[in-house]
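Participant: Pasted the sequence and its predicted model underneath.
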Amino acid sequence: MQFRSLFASLALLSAVVASPVADLNVNVARADKQGSYIVHGLGDRKQEILKAGGNTRDIAIAMLETNNMTTDYKFGDGKSGDGTNYGVFKQNWFILRHSASEFQGLSVDEVKKGIVLNHDLAKDIKARHDGENKYGYEKWFSGHRNGETGLNHPGTDDIKAYMSAIKWIQQQLESDKKFLTDDTRFFVQVVAI
């Protein structure tokens, strides 16, 4: 009987050791379609966001949008025109030029002016806050998630799922102050658009 137990333990250990791991620096603790893992250096980035005028909602949005809460993604997030995304929040050009004080009144053709948000975290945060202040919580999220269509048709199931994901991440961040300084990244799987 002890040999069976020993054999089972060795088999389990072999399976764990042989499991493919894409990044040995990542520690996954998954629960269905949401969870957390470690991204080295993320605690410093959280502090940078807070020091630049951000809050836990800002961290949650940035955390959902990119793994490391930076702007090292493809220019515009592979989108163009009013759909072009900028900054750690990946705000689209439409919502930026209709709500952020720095961009209000600019045209679709002036889209490249948004690149400043990829390099100036304080301006990025201010632009997001400008948008939420202008439109309110739900409508800003609707426009952020789905541009002009989202503003005109807020509260779709997709937008509600996105908002729910942000809310869950924000709740995790606020559940223990250590999550504002450590390297934990919370995630929720949402459909990319």
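Facilitator: Yep, that arrived.

Participant: Please name every helix or strand in contact with the top helix by length along the chain.
Facilitator: Using DSSP state H to define each element, the chain has its longest helix at helix 157-175. With contacts taken as 3 or more C-beta pairs under 8 Å, 6 or more residues apart in numbering; DSSP states H and E, helix 157-175 sits against strand 34-38, helix 56-65, helix 137-152, strand 184-188. C-beta coordinates here come from the backbone N, C-alpha and C atoms, glycine included.

Participant: Please compute how far the last one lies from its chain's middle.
Facilitator: A distance of 9 Å separates the centroid of the chain from that of strand 184-188, by C-alpha atoms, centre = their mean, to the nearest Å.

Participant: Any chance of a markdown table for the helices and strands packed on helix 157-175, columns mean pLDDT, distance to K112 and mean neighbour count?
Facilitator: A markdown table is the format used below for the helices and strands packed on helix 157-175 (pLDDT from 0 to 100; distance: least, C-beta to C-beta, whole Å; neighbours: other C-beta atoms under 10 Å):
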| stretch | mean pLDDT | distance to K112 | mean neighbour count |
| --- | --- | --- | --- |
| strand 34-38 | 97 | 34 | 17 |
| helix 56-65 | 98 | 20 | 23 |
| helix 137-152 | 95 | 18 | 20 |
| strand 184-188 | 98 | 30 | 21 |
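
Participant: so which of these gets nearest L106?
Facilitator: Proximity to L106 (C-beta to C-beta) singles out helix 137-152 among the helices and strands packed on helix 157-175, at 14.9 Å.

Participant: Identify the residues contacting that closest one?
Facilitator: Residues outside helix 137-152 that contact it (C-beta atoms under 8 Å, 6 or more residues apart in numbering): 82-83, 89, 91-92, 94-95, 98-99, 131-132, 134-135, 153-156, 158-159, 162-163, 166, 193.

Participant: before we move on, back to that, and the angle for the longest helix of the chain with helix 137-152?
Facilitator: For helix 157-175 against helix 137-152, the angle between stretch directions is 160 degrees (axes from the mean of the first three to the mean of the last three C-alpha atoms, to 10 degrees).

Participant: What mean pLDDT does helix 157-175 get?
Facilitator: The pLDDT scores in helix 157-175 average 97.

Participant: circling back to that earlier point, mind putting the helices and strands packed on helix 157-175 in a markdown table, distance to V108 included?
Facilitator: Formatted as a markdown table, the helices and strands packed on helix 157-175 follow (distance: least, C-beta to C-beta, whole Å):
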| stretch | distance to V108 |
| --- | --- |
| strand 34-38 | 35 |
| helix 56-65 | 22 |
| helix 137-152 | 11 |
| strand 184-188 | 31 |
